[in-house]
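Student: Quick one: sequence plus predicted model below, questions after.
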Amino acid sequence: MRRIVLWCLAGLVIAMPFAASAVAAPGCSGLMNGTSLQPVPKPLSLALPAQTSDTANPSVAQAFVAGMAAAGVNVVAPNAGNASIALTFSVGRPGSGVNTYNNLAWVSGEPLPNANEWSLQGATLQASAEVTNAVNYGLVWTGTFQCVIDGSSNPTELATTIGRVIGGAIGKNFERTRF
């Protein structure tokens, strides 16, 4: 089975669940939880764990960043923000195992196939995100997400949506919220 890096994209979709309000998530619908543990630094300047250009599929990583920016998050270079985010994505299909990726590793490995060839329909995507204060190193917010990919989005659209959902959820509390 082809290593599908887009799975992690879907992982981004996982981030979607982090939105405090129900958000229609193109390509993946499910449940999310979010817990704010201390105030998010204001204004939030969120450092990614790696440069988007350091991935095999920079356009997909950049789409995730664009989604976060659309949610109002100022995304900056690694080690440059007042907070950082750590991401974990797992994608699996019944009978074919689960692939797990940390941070932007979901866009590493093989370049993404043509969007017309992308098919994760029916795969389950699980994700977690943790935001840490870069000054006191305290955990600020954590969120989890799980959805089933319906196959209606291409990888770039899915990454954008996941970034938007995660970005919009940071700092909010919610439990078993549908997206």
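Tutor: The structure has been received and is ready for your questions.
Student: Buried ones in stretch 146-157, by neighbour count?
Tutor: In terms of neighbour count (16 or more other Cβ atoms under 10 Å), stretch 146-157 has its buried residues at 146, 147, 149, 153, 154, 155, 156, 157. Just so you know, the C-beta spots here come from the backbone N, C-alpha and C atoms, and that holds for glycine as well.
Student: can you pull out the strands in this protein?
Tutor: If DSSP state E is used as the criterion, the strands of the chain fall at 28-36, 45-47, 74-76, 83-93, 97-102, 124-133, 139-149, 174-178.
Student: Does the last one pack against any helices or strands, and if so which?
Tutor: The criterion is 3 or more Cβ pairs under 8 Å, 6 or more residues apart in numbering; DSSP states H and E, and the helices and strands that strand 174-178 contacts are strand 28-36.
Student: Tell me where the protein is predicted with low confidence.
Tutor: When residues are selected by pLDDT under 70, those of the chain lie in 1-27, 54-56, 104-120, 151-153.
Student: if you set the cut-off to 80 instead, what comes out?
Tutor: The model of the chain has pLDDT under 80 over residues 1-29, 50-57, 93-96, 101-122, 149-158, 179.
Student: Show me what the longest helix anywhere in it is packed against.
Tutor: Under DSSP state H, the helix in the chain containing the largest number of residues is helix 155-169. In terms of contacts (3+ Cβ pairs under 8 Å, 6+ apart), helix 155-169 is packed against helix 6-15, strand 28-36, helix 58-70, strand 139-149.
Student: Residue 90 is nearest to which of these?
Tutor: Nearest to residue 90, of all the helices and strands packed on helix 155-169, is helix 6-15, at 7.1 Å by Cβ to Cβ.
Student: Surely residue 144 touches residue 30?
Tutor: No - between residue 144 and residue 30 there is no contact under Cβ atoms under 8 Å: 10.4 Å.
Student: quick one on the thing from earlier: distance to residue 60 added to the strands of the chain, as JSON lines?
Tutor: Formatted as JSON lines, these follow (distance: least, Cβ to Cβ, whole Å):
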{"stretch": "strand 28-36", "distance to residue 60": "15"}
{"stretch": "strand 45-47", "distance to residue 60": "18"}
{"stretch": "strand 74-76", "distance to residue 60": "15"}
{"stretch": "strand 83-93", "distance to residue 60": "12"}
{"stretch": "strand 97-102", "distance to residue 60": "12"}
{"stretch": "strand 124-133", "distance to residue 60": "15"}
{"stretch": "strand 139-149", "distance to residue 60": "15"}
{"stretch": "strand 174-178", "distance to residue 60": "25"}
